[in-house]
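Undergrad: This is a predicted model, with the sequence first.
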Amino acid sequence: MCVSCVAAEENHKFTQLFNGESDISANWIGNLKGYPVKDGIIVTEKGSGNIYTKKQYQDYIFRFEFKLPPGGNNGIGPRVAHPADKTQRSKDVAYGNFEIQILDDSHPKYAKLKDWQFHGSAYGLAAAKKGALKPVGEWNTEEIYFKGTHLKITVNGQVILDTDISNKKPENAKKLASGRNRGAGHIALAGHGPGIAFRNISIAELKDDYTVPTTADNVAPEGFTALFDGKTFNNWKGLLHGPYDKPHKRRGLSEDKLKELQAKADESMKKHWHIQEGGVLFFDGKKGGHSLATNKKYGNFEFHCSWKIAPNSDSGLYLRGLPQVQIWDVNNKAAHKHGSDKGSGGLWNNKNHGKWPLVVADKPVGEWNHFFIRMIDDSVTIWLNGKLIVNDAPLENLWEKGKPIPVREQIELQCHGDPVWFKNIYIKELP
């Protein structure tokens, strides 16, 4: 990447991805022949296809200038899977990720567009305001601010879209924007025709919110609710004993039977789950212990959780009552046959995407680790100690194979017969 072109602006460091002087291949891959450089400007050819940044990005400000010919059509893919990654969803940008429109929406052939097809719209998700584009043939400036699920588009100094994509459902849910919840990816220029000109493309990476919040322990950051206050078991209950530890098994219980079984589970919980000095939730790992569950059921959410384990220990988190975000000792050689050497945080019961972490991000046993988890629909994205380890993986239904996962269910801290400690458990519900 061209690091000689880094400039400080508004407390952000922008790196040039193309400035007319550098070779486009320094920072981009894909169909570069479809994006030839002429007099320091990228101008798309017929059948231009897609190009992608070499580097993946998660939170950023992306700036560029563009000029449209009559009827011109292109797009930006904000966090797109690498085109060679066969584990990801559909590779078409508008379908396998989502696409931000670059379009001469004033052209007569686009007279019947839907509002989410205008320039700057998140295609199929959210409509941008019209009126910010300059006349065809003039240069426009555009800025894409993308942090978490917050997307803001500014064209020629005018904010035309400011939305949270977590609460947007695509017009055609089976096709469009299936990868809109991806945590990181390549930025793509998605070509749909010739004559689109680009110049002065730059990016500034933003500080992430995926590590431990800077608030005091067990004090929720802005926008989040603390599920553990460091003092009480408010918000928590014992997990029902089997077979009613599974959502589909307890679904048909009568109110009286559920109350009876919950009393037994709570009695067991009080024997094995303890609140230690300093506001730490501790499971003793002794025989007879069971998992801890939230009182409330959750659908879509963002979730913080700090944890630590003893040597050779095993634990995890259940999302919507389903196993599991794995926690274990990477140095436990006896568990290497099960994959412990690959690290914590994978969706261990998945058969497909997300089973193994993208990187080993665990701290040494005895030190605190921190998960940040985003769950939208069936999609799970996980950061461990600030590193992305699961990227937009559909959580599979282990209990009822082939069936959709519950829309809302409890979150569980897993008992696996080993000591484990938790704190800083915060949640933000998403639409």
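TA: Sure, I can see it.
Undergrad: C-alpha from now on. contacts and neighbour counts both.
TA: Fine.
Undergrad: neighbours around the closest residue to residue 115 other than its chain neighbours, how many?
TA: Excluding its sequence neighbours, the residue lying closest to residue 115 (C-alpha to C-alpha, 6 or more residues apart in numbering) is residue 127, at 5.3 Å. Look at residue 127: counted by other C-alpha atoms under 10 Å, it has 21 neighbours.
Undergrad: Hmm, residue 127 is touching residue 118, no?
TA: Yes - under the criterion of C-alpha atoms under 8 Å, residue 127 lies in contact with residue 118, with a separation of 7.0 Å.
Undergrad: Need the residues touching each of those two.
TA: Counting by C-alpha atoms under 8 Å, 6 or more residues apart in numbering, residue 127 and residue 118 have no shared contacts at all.
Undergrad: So the spatially most central residue of the chain versus residue 98, what's the distance?
TA: The centre of the chain sits closest to residue 183, judged by C-alpha atoms, centre = their mean, with a distance of 3.3 Å. Shown here: residue 183 relative to residue 98, a distance of 13 Å by C-alpha to C-alpha, to the nearest Å.
Undergrad: do the same with residue 23
TA: Taken as C-alpha to C-alpha, the span from residue 23 to residue 98 is 27 Å.
Undergrad: same check, this time on residue 186
TA: Distance of residue 186 to residue 98, computed by C-alpha to C-alpha: 12 Å.
Undergrad: Then residue 47?
TA: When residue 47 is compared with residue 98 (using C-alpha to C-alpha), they lie 20 Å apart.
Undergrad: Compare the two (neighbour count), which wins?
TA: Between residue 47 and residue 98, counted using other C-alpha under 10 Å, the more crowded position is residue 98 (27 against 14).
Undergrad: Run through the residues that contact the closest residue to the more buried one other than its chain neighbours.
TA: Spatially, and ignoring its direct neighbours in sequence, residue 98 is nearest to residue 177 (4.4 Å; C-alpha to C-alpha, 6+ apart). Listed by C-alpha under 8 Å, 6+ apart, the contact partners of residue 177 are 94-99, 123-125, 170.
Undergrad: Go through the residues you listed and name the one nearest residue 258.
TA: residue 170 (37.7 Å; C-alpha to C-alpha).
Undergrad: Please tell me the pLDDT value assigned to the closest one.
TA: For residue 170, the model assigns a pLDDT of 71.
Undergrad: Check the secondary structure at it for me.
TA: Secondary structure of residue 170, reduced to three states by DSSP: H, G, I helix; E, B strand; the rest coil: coil.
Undergrad: Mind jotting down where the helices sit in the stretch 101-250 of the chain?
TA: Assigned by DSSP state H, counting those that start in this stretch, the stretch 101-250 of the chain shows helices spanning 247-250.
Undergrad: list the contacts for residue 256?
TA: No contacts exist for residue 256 under C-alpha under 8 Å, 6+ apart.
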